[in-house]
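Enquirer: The following block contains a protein sequence and its predicted model.
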Amino acid sequence: MIDARFDARSPRPKTLLVASGKGGVGTSVIAALTAIAAAERGDRVLLVDATEAGGTLHHLFGVRPTNSLWMLTDTRIDPTDTVIAIDAHLSLVAGGTSATAVAPLVDADRRATLTRLGELYSQFDFVVVDAGSRLDTITAVSELAEPAVLLVTSADRLALAANYALVKSVSTRRRDARISVIANRHGESLAGEACDFLVGACSHFLNRSIEVVGAVPDDACLQAAVGAGMTVRDALDGSPAVEAIRAAVTTLLPSPRSAPRPMAFSASSHSLPASLSSRRWS
């Protein structure tokens, strides 16, 4: 349930868009873990599944939505009816074709839907949006909500090239957008090489700086637990991927609270070097 104490006059929350130029790199899991890490500090977090095919986040949390994001193309549905309370600090808006939703056919419907959902954003400390890899969805969220952008990449060349293209696209529309990158399912050495490549390419060819916020190791136990039907929240204990995300969240979503709950991990244990732009380009 939405807290009526917070209305449209409240300060605009910080919004994080989780996206990738290439599908299959794990934006949904990264978005879910990011939202969980912020919520466990006591922040009010809205997690939005803005993907348009299938929808993943409600499966990760083990909930069955009655209403979901793209049903808001019907103006008779109130945006608050799409919000699912996961716990006292974390809420979810399901996406894809969950419930009776139909993916938007034209960009005008997509933007109208996202604009209607945006009416709720001021009620939360943070909004984390999983936009997957669909460019028109990423563009709409980026232009309407003006979020910080977290790119999720793997080390393969196709993913790096696709994320370079995505940085170029976002920068063309929003030169001042804060863009960060996280390498998923890799150890720090390979992740560092991948991020070094992307940071160097964006700096050299686009004159655009991006920030490296971490490396998320391949976590077979977490993947197996979720694959077996366990919710992502029930599979957190001892997960190195979760610890890496918790460290990254301190940079991505600094808590507005003066005394956040202490975290049981070392913020430096999964971080990459501050500068990964040593590659020379000819």
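Expert: In hand now; what should we look at?
Enquirer: can you pull out the strands in this structure?
Expert: 14-19, 45-49, 83-85, 90-93, 126-132, 148-153, 179-184, 211-216 (DSSP state E).
Enquirer: Compare these and give me the one nearest residue 105.
Expert: Of all the strands of the chain, strand 126-132 sits nearest to residue 105, with 17.5 Å by Cβ to Cβ. All C-beta spots, glycine's among them, are computed from the backbone N, C-alpha and C.
Enquirer: Go through the closest one and flag the buried ones.
Expert: In terms of neighbour count (16 or more other Cβ atoms under 10 Å), strand 126-132 has its buried residues at 126-132.
Enquirer: Against residue 18, how distant is residue 97?
Expert: Taking Cβ to Cβ, to the nearest Å as the measure, residue 97 and residue 18 are separated by 20 Å.
Enquirer: May I see the strands of the chain arranged in JSON lines, with mean pLDDT as well?
Expert: Conversion of the strands of the chain to JSON lines gives the following (pLDDT from 0 to 100):
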{"stretch": "strand 14-19", "mean pLDDT": "96"}
{"stretch": "strand 45-49", "mean pLDDT": "98"}
{"stretch": "strand 83-85", "mean pLDDT": "97"}
{"stretch": "strand 90-93", "mean pLDDT": "98"}
{"stretch": "strand 126-132", "mean pLDDT": "97"}
{"stretch": "strand 148-153", "mean pLDDT": "97"}
{"stretch": "strand 179-184", "mean pLDDT": "96"}
{"stretch": "strand 211-216", "mean pLDDT": "94"}
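Enquirer: Please enumerate the helices of the stretch 51-200 of the chain.
Expert: Assigned by DSSP state H, counting those that start in this stretch, the stretch 51-200 of the chain shows helices spanning 57-60, 107-117, 135-145, 157-173, 188-206.
Enquirer: In CSV, please show the C-alpha coordinates belonging to the longest one.
Expert: Read it as helix 188-206. Written as CSV, here are the backbone C-alpha positions of helix 188-206 (Å, rounded to 0.1, in the frame of the first residue of the first chain):
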residue,chain,number,x,y,z
GLU,A,188,37.6,-9.3,-11.2
SER,A,189,40.4,-9.8,-13.7
LEU,A,190,38.2,-10.5,-16.7
ALA,A,191,35.7,-8.0,-15.6
GLY,A,192,38.4,-5.4,-15.3
GLU,A,193,39.6,-6.0,-18.8
ALA,A,194,36.0,-5.8,-20.1
CYS,A,195,35.3,-2.6,-18.3
ASP,A,196,38.7,-1.1,-19.3
PHE,A,197,37.8,-1.8,-22.9
LEU,A,198,34.4,-0.1,-22.6
VAL,A,199,35.6,2.9,-20.6
GLY,A,200,38.5,3.5,-23.0
ALA,A,201,36.3,3.3,-26.1
CYS,A,202,33.7,5.7,-24.7
SER,A,203,36.4,8.1,-23.6
HIS,A,204,38.4,8.0,-26.9
PHE,A,205,35.6,7.9,-29.4
LEU,A,206,32.7,9.6,-27.6
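Enquirer: Now that helix: average pLDDT?
Expert: Averaged across helix 188-206, pLDDT comes to 95.
Enquirer: on contacts alone, who are the packing partners of that helix?
Expert: Secondary-structure packing of helix 188-206 (3 or more Cβ pairs under 8 Å, 6 or more residues apart in numbering; DSSP states H and E): strand 148-153, helix 157-173, strand 179-184, strand 211-216.
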